[in-house]
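Visitor: Quick one: sequence and predicted model below, then my questions.
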Amino acid sequence: MRKSFRVATVFAGAAACAAAFAPAAGAAPATPKAITPNDCTAGEYDWAHMWYTVAERHPTPACYGGTGGYRIPGSKRFVQFCPGGNSGFLGTSRGIVPFSAGAYSIPLYSGIVYSVNIGRHSDPSAHCRP
C-alpha cells in the first residue's frame with residue numbers, strides 16, 4: 001500500500017507541474033510586435049527616418065513605424081537618422097545608438113545599420129523632414 005501511494009503522489013505532482021506550464025484554454029500565443037519598414041513616400045512624418053549614403057543609390061529615406069525590432073537586410077549604410085515620435089535604439093557598425101522622440105537628426109557617419117528597435121511611440125507631433 002505504501003509503494004502505490006508514493007507512485008500516485010509522484011504522478012499527481014508531475015501532472016500539476018505540466019498543468020502549471022500549459023497555456024490556458026482559449027489563450028492565444030503571444031506574437032512579437034513588428035516594425036513596418038517602407039520608403040518615406042506616404043507622409044509618414046512622425047515615423048523614424050533614415051537617409052542612405054549616396055553610394056546606396058536610394059534617394060528616398062527609409063521609414064520605420066510601429067514598435068518592436070526590425071533587422072535591416074544586407075549591409076546598408078546611412079548618413080543620418082531622425083527619430084520622429086519614437087524612442088528606442090539602432091544597432092550599428094559603430095555600436096548602439098539610443099534615441100528618444102523628437103524632430104532632430106543623429107549623424108550616422110556612413111555607418112552600417114543592422115537593426116532598428118522602437119520601444120514606444122510617444123510624440124506624434126515630432127515630424128522628420130521628408
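Guide: Yes, it's here.
Visitor: which residues does residue 106 contact?
Guide: By C-beta atoms under 8 Å, 6 or more residues apart in numbering, the contact set of residue 106 is 80, 81, 82, 83, 97, 99. All C-beta spots, glycine's among them, are computed from the backbone N, C-alpha and C.
Visitor: swap that for residue 62, please
Guide: The contact partners of residue 62, by C-beta under 8 Å, 6+ apart, come to 37, 38, 39, 40, 49, 50, 52, 78.
Visitor: Weed out the non-buried ones from those.
Guide: Listed as buried from the contacts of residue 62 are 37, 40, 49, 50, 52, 78; burial here means 16 or more other C-beta atoms under 10 Å.
Visitor: Looks to me like the first one is in a helix.
Guide: No. Assessed by DSSP: H, G, I helix; E, B strand; the rest coil, residue 37 does not belong to a helix; its assignment is strand.
Visitor: Look up how far residue 97 lies from residue 75.
Guide: Counting by C-beta to C-beta, to the nearest Å, the gap from residue 75 to residue 97 is 17 Å.
Visitor: the more surrounded of those two?
Guide: Comparing residue 75 with residue 97 by other C-beta atoms under 10 Å, the one with more neighbours is residue 97, at 16 against 9.
Visitor: Now do the more buried one, the pLDDT please.
Guide: Reported pLDDT at residue 97 in the predicted model: 98.
Visitor: Please name the residues that touch residue 43.
Guide: Under the criterion of C-beta under 8 Å, 6+ apart, residue 43 has no neighbours.
Visitor: hey, which strand is longest across the protein?
Guide: For the chain, the strand that runs over the most residues, judged by DSSP state E, is strand 106-121.
Visitor: mind checking how far residue 57 is from residue 79?
Guide: Counting by C-beta to C-beta, the separation of residue 57 from residue 79 is 13 Å.
Visitor: rewinding a little: from the buried ones among the contacts of residue 62, which ones fall inside strands?
Guide: 37, 49, 50, 52, 78.
Visitor: how about these in CSV, adding pLDDT and distance to residue 116?
Guide: Below are those laid out as CSV (pLDDT from 0 to 100; distance: C-beta to C-beta, whole Å):
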residue, pLDDT, distance to residue 116
37, 92, 8
49, 96, 11
50, 97, 8
52, 97, 14
78, 97, 10
